[in-house]
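J.: Show me the folded form of this:
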Amino acid sequence: MIQVHNLYKSYGLGKLSLKVLRAIDLVVDKGEYVAIMGPSGSGKSTLMNILGCLDRPTKGKYYLKGLDVSKMKEPELAQIRNRTIGFIFQQFQLISFMSAKKNVELPLIYSDKPAKEIHRRAISSLERVGLANYLNHKPFELSGGQQQRVAIARALVNNPELLLADEPTGSLDTASGQVVLDLFDELHREGKTIIMITHDFEIAKRAERQVYIRDGRILTKEGFVR
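T.: Sure, this is the predicted structure:
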């Protein structure tokens, strides 16, 4: 599913350059559930943005399903984001004045699907996360856990092959977080590829593999990969 080779990311600050990622090598197989762990400022969110085609590497290669996305132009990347990747964020990123169903329909708006099919898929996706009775509720009428499940329904509505979750339980209480993690477990059993960023080791243990990143480098038991 994912192959990253010798990837670097830097940001220019005047005459200075801030190196955020250094010599990253990473392979994620189809159907894997991987947790990326690291302290604040380690580069894990930057890596997630690159994996999600929201940002580009400064140097190195990123292959998604065998395609070199590191060289693609924005229209091509937008298509990949919409068709292949589902995003789940810590702060939910829901539109406050839209109902749960309308929020879930958003990824389908620019598709060629008829309105009836868009409505059907949004409802089905909300049913999938246990929110069949909350279709017309706006975000402020929902708990944090329910809002995150709406966000997950939105991520799933296009049936993406890859789910990227950035601290998906970071804004939730323990019980609500457990519901979300149980849903991830279920999606993994169904064959979804999931990459989750977390700083919590107990949450990371839910994944089948943990990747540790510090100071922009991936670590192994022996130390830096490179």
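
J.: what's the burial count for the closest residue in space to Asp200 that isn't next to it in sequence?
T.: Using C-beta to C-beta, 6 or more residues apart in numbering and skipping the chain neighbours, the partner closest in space to Asp200 is Thr169 (7.7 Å). Just so you know, the C-beta spots here come from the backbone N, C-alpha and C atoms, and that holds for glycine as well. Neighbourhood size, Thr169 [other C-beta atoms under 10 Å]: 23.

J.: And for His199?
T.: What His199 shows, counting by other C-beta under 10 Å, is a neighbour count of 15.

J.: Please apply the same query to Phe140.
T.: 9.

J.: Use 53 as the first number from now on
T.: With 53 as the first residue, the last one maps to Phe192.

J.: That one belongs to a helix?
T.: Yes - residue state for Phe192 (DSSP: H, G, I helix; E, B strand; the rest coil) corresponds to a helix.

J.: if I read this right, it contacts Phe149, doesn't it?
T.: No - in this structure, Phe192 is not within contact of Phe149 by C-beta atoms under 8 Å, at 9.5 Å.

J.: one step back: is the residue nearest to Asp252 part of a helix or strand, or is it coil?
T.: coil.

J.: Do you know the pLDDT at it?
T.: pLDDT, Thr221: 87.

J.: In the protein, spot the helix with the most residues.
T.: helix 226-241 (DSSP state H).

J.: Name every strand pairing with the helix or strand just after it and say which way it goes.
T.: Next in sequence after helix 226-241, counting helices and strands by DSSP states H and E, comes strand 245-250. According to DSSP bridges, strand 245-250 has the following sheet partners: strand 85-89 (parallel), strand 214-218 (parallel).

J.: Fine by me, thanks again.
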